[in-house]
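1. model this:
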Amino acid sequence: MSLELVCPAGTPAALRAAVDAGADTVYCGFRDCTNARNYPGLNFDPDEMAEGVAYAHRFGRKVLAAVNTFPRAGDAKPWHDAIDNAARAGVDAVILADIGVLDYAATRHPDLRRHLSVQASASNELSIAFYRDRFDIRRVVLPRVLSIEQVAALVRRIGIETEVFAFGSVGPMSEGRCFLSSYITGLSPTSEGACAPASHVSYKEDGPETLSRLGDVTLNRFSHGEAAAYPTPCKGRYVTHGRTSYLFEEPVALNAIDILADLQAAGVTALKIEGRQRSRAYVTEVVGSFRKAIDALDRGQAAAVENTLASVAEGQRQTHGAYTKGWR
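-> Sure, this is the predicted structure:
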């Protein structure tokens, strides 16, 4: 079975670009705190979501709505409204993380297909089985902490579809429970969907170096020409035991384009491209490259497509991440 290509859309224009570039499925979110990419200028209102669904369906493609943040105590209405609006828009599935939101969707819209977001951090058979059996989850998006062998073992046991990340951030290996940003800005991706909002980011020249800051905190110091990540707390450089290093995550991109045959052999259903906050040009280039690679794989030409994505990779560096890494 061919790998399903699941691609990002932060705007209606990006959705159309993803479909035109060969995405099988596009995922997007509403313009509020209910999705984990809640930034100014991004996302969809209910009418735009419905229009995007109509455009994708015209070409036989699917749209998934990410409602994957966690409601604040006593304030679940925005998340319930997002589920209702997604159902009215005719999306093909909703991507959910919170147990209460899952319950609402299963109870109010039982025919609306449900996927388990990576934000739920379900990375073992028992946790996935809980969501599968309690909320009829049809697909799980696996955290970026598993080797290909571990993915294959899970696929054999869980009995539902699996979606894995193929391009984008490596992730700080603690999916779905990140509050680091909130200690600096008061906002977190977990509840507000905003990690290191641009309004809190600043840069300062310091002689031959540039400082990147989030609020009043300096997260990095880099020389001119040195690759540097957007200043999120997990991608800062810290001094520990007298040594300066990227303690959580380096500025490097996950790129699995040349191990797609291994992921397919592991039984993976779908490949997820990250980047709802990125441009239409990024979407077109990455989606187009993966479309060619999947089509070549389907023709039995696994090595036929050259990896040309270094220019859009974070820090212009690429890695297979946990897929091929032996953990110490």
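2. List the contacts of the residue lying closest to residue 51 once chain neighbours are set aside.
-> In space, and not counting its chain neighbours, residue 51 is closest to residue 12: 6.7 Å by CB to CB, 6 or more residues apart in numbering. In this view, the C-beta of every residue, glycine as well, is placed from N, C-alpha and C. Residues in contact with residue 12 (CB atoms under 8 Å, 6 or more residues apart in numbering) are 44, 48, 51, 52.
3. pLDDT wise, what is the second one at?
-> Read that as residue 48. Looking at residue 48, its pLDDT is 98.
4. on that earlier part again, which one of the contacts of residue 12 is nearest residue 96?
-> For the contacts of residue 12, the residue nearest residue 96 by CB to CB is residue 44; the value is 17.0 Å.
5. Which pLDDT value goes with that closest one?
-> 98.
6. And residue 328, by the same measure?
-> In this model, residue 328 carries a pLDDT of 42.
7. Then residue 229?
-> At residue 229, pLDDT is 74.
8. pretty sure it contacts residue 248?
-> No - Residue 229 lies out of contact with residue 248 (CB atoms under 8 Å); the separation is 10.7 Å.
9. overlap in contacts of the two?
-> residue 235.
10. Can you pull out the low-pLDDT segments for the stretch 151-300 of the chain?
-> For the stretch 151-300 of the chain, the stretches flagged by pLDDT under 70 are 172-177.
11. which residues of it fall in strands?
-> Using DSSP state E, counting those that start in this stretch, the strands found in the stretch 151-300 of the chain span residues 161-169, 201-206, 209-214, 217-223, 237-240, 243-246, 253-255, 270-273.
12. avg pLDDT for the helix or strand harbouring residue 95?
-> Using DSSP states H and E, residue 95 falls within strand 93-96. Averaged across strand 93-96, the pLDDT comes to 98.
13. Show me what that strand is packed up against.
-> Using 3 or more CB pairs under 8 Å, 6 or more residues apart in numbering; DSSP states H and E, the elements in contact with strand 93-96 are strand 62-67, helix 99-108, strand 114-116.
14. Show me what the following helix or strand past the first one is in contact with.
-> Sequence-wise, the next helix or strand beyond strand 62-67 is helix 77-89, with elements assigned using DSSP H and E. Contacts of helix 77-89 with the rest of the structure, by CB under 8 Å, 6+ apart, involve 30, 32-35, 46, 49-50, 52-53, 63, 65, 67, 69, 71, 94, 98, 100-101, 104-105, 108-109, 112.
15. quick one: helix 77-89 to helix 99-108, angle?
-> Helix 77-89 runs at 40 degrees relative to helix 99-108, counting by axes from the mean of the first three to the mean of the last three CA atoms, to 10 degrees.
16. Can you give me the buried ones in helix 77-89?
-> 79, 80, 82, 83, 84, 85, 86, 87, 89 (16 or more other CB atoms under 10 Å).
17. Likewise for stretch 110-125?
-> Result for stretch 110-125 [16+ other CB under 10 Å]: buried residues 112, 113, 114, 115, 116, 117, 118, 119, 120, 121, 122, 123.
18. can you pull up the bridge partners for the closest residue to residue 275 other than its chain neighbours?
-> In this structure, residue 275 finds its nearest non-sequential neighbour in residue 8, 4.7 Å apart by CB to CB, 6+ apart. In this entry, residue 8 is beta-bridged to residue 27, by DSSP bridges.
19. Can you get me a residue count around residue 8?
-> 27 (other CB atoms under 10 Å).
20. what domains does the record give for this protein?
-> 4-170+252-325, 185-246 (automatic domain parsing).
21. nearest to residue 179, of those?
-> domain 185-246 (4.8 Å).
22. Endpoint to endpoint, that closest one covers what distance?
-> 21 Å (CA to CA, to the nearest Å).
23. My guess is the residue nearest to residue 275 contacts residue 18. True?
-> Yes - counting by CB under 8 Å, residue 8 does reach residue 18; the two are 7.1 Å apart.
24. Spit out the contact partners of the nearest residue to residue 156 once chain neighbours are set aside.
-> Residue nearest to residue 156 in three dimensions, not counting chain neighbours: residue 267, with 7.0 Å by CB to CB, 6+ apart. For residue 267, the contact set (CB under 8 Å, 6+ apart) comprises 151, 152, 155, 156, 162.
25. Mark which of these are buried, thanks.
-> Buried among these (16+ other CB under 10 Å): 151, 152, 155, 162.
26. any chance of those in TSV, with distance to residue 294 too?
-> Output for those, formatted as TSV (distance: CB to CB, whole Å):
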residue	distance to residue 294
151	17
152	19
155	18
162	16
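27. of those residues, closest to residue 138?
-> Closest to residue 138, out of all of these and judged by CB to CB, is residue 162, at 10.8 Å.
28. What distance do you get for the closest residue to residue 98 other than its chain neighbours to residue 296?
-> In space, and not counting its chain neighbours, residue 98 is closest to residue 70: 4.7 Å by CB to CB, 6+ apart. Distance of residue 70 to residue 296, computed by CB to CB, to the nearest Å: 40 Å.
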